[in-house]
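In: Need coordinates for the following:
(one chain, ligands or ions: 2)
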Amino acid sequence: MPSDATTSTRLPPECEPALLERFLKAEAMALWTVRSARLQDVPPNVYAFLRKHEEDEEQHLAQFETMIGRQPRERERLPSVPRQWPALAVQLYGYESLGLEFATLLVTLRPDLVSIHEDELVHVTFFEQEIHRILRSEAAAAEQARVSALAWWRKLPRTVDRYLEAAVLDPFHPVLASRILSAIGRRFTTTGLLKDR
Ligand SMILES: [Fe+2]
Ligand SMILES: [Fe+2]
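Out: Numbering: from 1, shown residues only. Ligands and ions are numbered 1, 2, ... in the order given. Take a look at the predicted model:
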């Protein structure tokens with residue numbers, strides 16, 4: 001599915017430092033979430049993918065650390081993730097979709113970072129296939145995925161607001177938030193996680 005929601009919004013160059021700061025945090029969170037997911041009971045093909053996924057996120061984080069010149073705030077514990085695979089799959093799919101939307105925005109300012117966008121597309125595509133698999137599997141797993149998706153979707157506006165929190169981004173906040181939300185809403189509806197809204 002094309003991620004065109006954010007490409008039509010061009011941020012001025014003065015937004016770049018704020019956007020890179022957001023990426024430093026988001027990539028760190030993505031890495032910790034993948035590490036946490038690897039400790040869960042996931043299907044073997046997912047476990048294999050998560051190893052590669054972890055390497056990608058490590059590399060993204062290192063790139064932002066180099067650009068910004070510091071490391072993200074340390075955490076004492078890995079973030080908690082759902083133990084049940086259908087719910088965990090929804091969470092990974094959701095956050096990777098959000099990461100992809102931000103990466104789409106990032107490359108409008110930094111076309112040199114296109115490889116990060118390409119990686120995020122690989123991550124989203126993998127979890128999207130897993131979501132399709134879950135939705136075609138037993139009814140209980142499919143139902144669990146749909147319930148988790150609805151809960152995740154309801155929290156998304158606040159999450160997006162948090163990610164966009166920066167004075168320099170304020171003028172663009174409403175349009176970016178609504179485009180990101182509609183892109184992810186479309187994605188979740190097309191996969192069958194959410195009913196038509
Ligand atoms: Fe990433
Ligand atoms: Fe990613």
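In: mind listing the helices in the protein by residue range?
Out: Ranges of helices in the chain, per DSSP state H, are 16-38, 44-68, 85-109, 114-136, 139-163, 173-191.
In: what mean pLDDT does the second one have?
Out: This predicted structure assigns helix 44-68 an average pLDDT of 96.
In: For ligand 1, which of the helices of the chain is the nearest?
Out: Each of these was checked against ligand 1 via C-beta to the ion, and the shortest separation belongs to helix 44-68, namely 3.8 Å. From N, CA and C alone the C-beta is placed, and that goes for glycine too.
In: Any regions of this structure where pLDDT drops low?
Out: Low-confidence segments of the chain (pLDDT under 70): 1-8, 197.
In: re the thing from before, tell me which of the helices of the chain sits most buried.
Out: Here the criterion is mean neighbour count by mean count of other C-beta atoms under 10 Å, and of the helices of the chain the winner is helix 85-109, at a mean of 23.
In: hmm, that one touching ligand 1?
Out: No - applying C-beta under 5 Å from the ion, one finds helix 85-109 separated from ligand 1 by no less than 5.5 Å.
In: what's that helix packed up against?
Out: Packed against helix 85-109, as judged by 3 or more C-beta pairs under 8 Å, 6 or more residues apart in numbering; DSSP states H and E, are the following elements: helix 16-38, helix 114-136, helix 139-163, helix 173-191.
In: cutoff 10 Å now
Out: Packing contacts for helix 85-109, counted by 3 or more C-beta pairs under 10 Å, 6 or more residues apart in numbering; DSSP states H and E, involve helix 16-38, helix 44-68, helix 114-136, helix 139-163, helix 173-191.
In: P86: which of those is closest?
Out: helix 139-163 (4.1 Å; C-beta to C-beta).
In: relative orientation of that closest one and helix 16-38 in degrees?
Out: Using axes from the mean of the first three to the mean of the last three C-alpha atoms, to 10 degrees, the interaxial angle of helix 139-163 with respect to helix 16-38 works out to 150 degrees.
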